[in-house]
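Q: I'd like to go over a predicted model; first the sequence, then the structure.
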Amino acid sequence: MQELIEVGRDAVSRGLVLASAGNLSARLSDDAFVVTGSGTWLDRLTPDDFAVLGLADDETGAPAPGGVKPSSEWKLHHRAYRARPDANCVLHLHPRTAVVLASLGRPIRLLTLDHAYYLGSIGVTPFYHNGTDELADTAAEQLREHDCVVMRHHGCSVVADSVGMAYRRALNLEDAAQATALALQLGDAETAFPAGDARHA
Ligand SMILES: [Zn+2]
């Protein structure tokens, strides 16, 4: 939880999410995860701001009565962990450049070694209202093939085996989007990182 608290503070300071938007989670076990509570501001999290939800086969993930009320976007996290048994962290943020490019139908390009290494590939989903099954299910479907997904007109989710790796991914997603926007401003709509050369020394 301490790592998520630090990610929340840093993500807000970098403008990857505003006010009480966005939500963060980490897997506790095969059957449970913690997710930030409803209405929490990510730069003011305390250990008391996390709800525990279930992941077992026979559970919908619906929160048990009592305890901390989870973010209204908890289904995004629940479906992501169900789709990706290897994921130990899901970060859902609202990074402006990535969301704007995806909303305009402009692919976010991988331009640097870091983009290629940390992101690999990026999924995109149509707009669905937050908190809906459609949003959570379409995002999870993309996460079967990609570690990052951008939901048009809304935000992104990234998954990884650790909180640190997930946050590096989130930072690189927005950096790739900003680099793509800069390339477009410079009149380049094609250049991308050389395929198959994403090794980090
Ligand atoms: Zn959101």
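A: Yep, that arrived. Numbers count the residues shown, from 1 in each chain.
Q: can you count the residues close to residue 53?
A: Look at residue 53: counted by other CB atoms under 10 Å, it has 25 neighbours. Where C-beta positions appear, they are placed from N, C-alpha and C, glycine not excepted.
Q: Kindly report the same for the one 3 residues further on.
A: The local packing of residue 56 (other CB under 10 Å) involves 10 other residues.
Q: which element is it on?
A: Assigning secondary structure by DSSP states H and E places residue 56 outside every helix and strand.
Q: any idea how far residue 29 is from it?
A: Residue 56 is 10 Å from residue 29, where distance means CB to CB, to the nearest Å.
Q: next one: residue 118
A: For residue 118, the distance to residue 29 equals 26 Å [CB to CB].
Q: And residue 192, by the same measure?
A: Taking CB to CB, one finds residue 192 at 39 Å from residue 29.
Q: out of these two, which sits in the busier spot?
A: Neighbours were counted for residue 192 and for residue 29 using other CB under 10 Å; residue 192 has more, 14 against 9.
Q: Report the contact partners of the more buried one.
A: Going by CB atoms under 8 Å, 6 or more residues apart in numbering, residue 192 touches 109-111.
Q: Buried subset of those, written for ChimeraX?
A: Buried residues within the contacts of residue 192, by 16 or more other CB atoms under 10 Å, are selected in ChimeraX with:
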select :109,110,111
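Q: And the contacts of residue 192, which is closest to residue 176?
A: Proximity of the contacts of residue 192 to residue 176 (CB to CB) peaks at residue 110, which lies at 5.8 Å.
Q: could you list every residue that touches that closest one?
A: Contacts for residue 110 were tallied using CB under 8 Å, 6+ apart; they are 116, 119, 122, 176, 192-193.
Q: Over to residue 22?
A: 8, 11, 16, 42, 91-94, 155.
Q: Name the nearest residue to it, ignoring sequence neighbours.
A: Sequence neighbours aside, residue 93 is the residue nearest to residue 22 in space, at 4.7 Å (criterion: CB to CB, 6 or more residues apart in numbering).
Q: Could you list everything that neighbour pairs with in the sheet?
A: residue 156 (DSSP bridges).
Q: biggest helix in the protein by residues?
A: Ranked by residue count and defined by DSSP state H, the top helix of the chain is helix 163-185.
Q: Alpha carbons only: can I get that one in CSV?
A: C-alpha atoms of helix 163-185 as CSV (Å, rounded to 0.1, in the frame of the first residue of the first chain):
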residue,chain,number,x,y,z
VAL,A,163,3.8,-1.3,-8.6
GLY,A,164,7.1,0.2,-9.7
MET,A,165,6.9,-1.3,-13.2
ALA,A,166,3.3,-0.3,-13.6
TYR,A,167,4.1,3.3,-12.8
ARG,A,168,7.1,3.3,-15.2
ARG,A,169,4.6,2.1,-17.8
ALA,A,170,2.1,4.9,-17.0
LEU,A,171,4.8,7.6,-17.2
ASN,A,172,6.1,6.2,-20.5
LEU,A,173,2.6,6.1,-21.9
GLU,A,174,2.1,9.8,-21.4
ASP,A,175,5.6,10.5,-22.6
ALA,A,176,5.0,8.5,-25.8
ALA,A,177,1.8,10.5,-26.3
GLN,A,178,3.6,13.8,-25.8
ALA,A,179,6.4,12.7,-28.1
THR,A,180,3.8,11.7,-30.7
ALA,A,181,2.0,15.1,-30.4
LEU,A,182,5.4,16.8,-30.9
ALA,A,183,6.1,14.7,-33.9
LEU,A,184,2.7,15.6,-35.4
GLN,A,185,3.4,19.3,-34.7
